[in-house]
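Chemist: Return a 3D structure for these sequence lines:
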Amino acid sequence: MAITGNLTVTGQTSAGYVALGPVATDTPTTSTLNFPLADNRANGVTVALGAGGTLSATFVGSSGATTTLLFDVTGYFVPDRSGATYGTLDPT
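Modeler: As a prediction, this is how the structure comes out:
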């Protein structure tokens with residue numbers, strides 16, 4: 001199963017990147033969204049979910065840095081006999 005949506009970063013206290021994935025990791029090999037200091041950034045993404053439908057976010061920046069992440073889910077993919085079916089979600 002996977003979800004799709006819009007990931008936004010805001011209020012970051014250092015430049016860095018965020019990696020979304022099914023499992024948390026201390027050393028992500030890819031990034032989902034890169035950003036400079038003090039700049040709101042967004043990116044449309046599709047990401048696989050982990051066991052039980054979990055989603056993990058890893059923020060990589062300067063030591064002690066923080067950020068706010070927003071993820072607006074717009075749809076989902078569920079496996080079926082043809083591969084996967086996409087379902088949309090209404091905004092709430």
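
Chemist: Can you mark which positions in stretch 10-23 are buried?
Modeler: Across stretch 10-23, burial judged by 16 or more other Cβ atoms under 10 Å covers Q12, S14, G16, Y17, V18, A19, L20, G21. For glycine as for every other residue, the C-beta is placed from the backbone atoms N, C-alpha and C.

Chemist: ok, so of those residues, who is nearest L33?
Modeler: Nearest to L33 among these, counting by Cβ to Cβ, is V18 at 4.9 Å.

Chemist: Quick check, central residue of this protein?
Modeler: Centroid check for the chain by Cα atoms, centre = their mean gives L20 as the closest residue, at 4.0 Å.

Chemist: Check the gap between it and D80 for me.
Modeler: The spacing between L20 and D80, counted by Cβ to Cβ, to the nearest Å, is 24 Å.

Chemist: How about the contacts made by L33?
Modeler: Contacts for L33 (Cβ atoms under 8 Å, 6 or more residues apart in numbering) come out as L7, V9, Y17, V18, R41, A42, N43, V45.

Chemist: So the residue nearest to the centre of the chain sits against F59, correct?
Modeler: No: when contacts are counted by Cβ atoms under 8 Å, L20 is not listed as touching F59 (10.5 Å).

Chemist: what's the closest non-adjacent residue to A42?
Modeler: Take A42 and drop its neighbours on the chain: the residue closest to it by Cβ to Cβ, 6 or more residues apart in numbering is T8, 4.3 Å away.

Chemist: can you count the residues close to G44?
Modeler: By other Cβ atoms under 10 Å, 10 other residues sit near G44.

Chemist: Which strand or helix spans it?
Modeler: Secondary-structure assignment from DSSP states H and E places G44 in strand 41-48.
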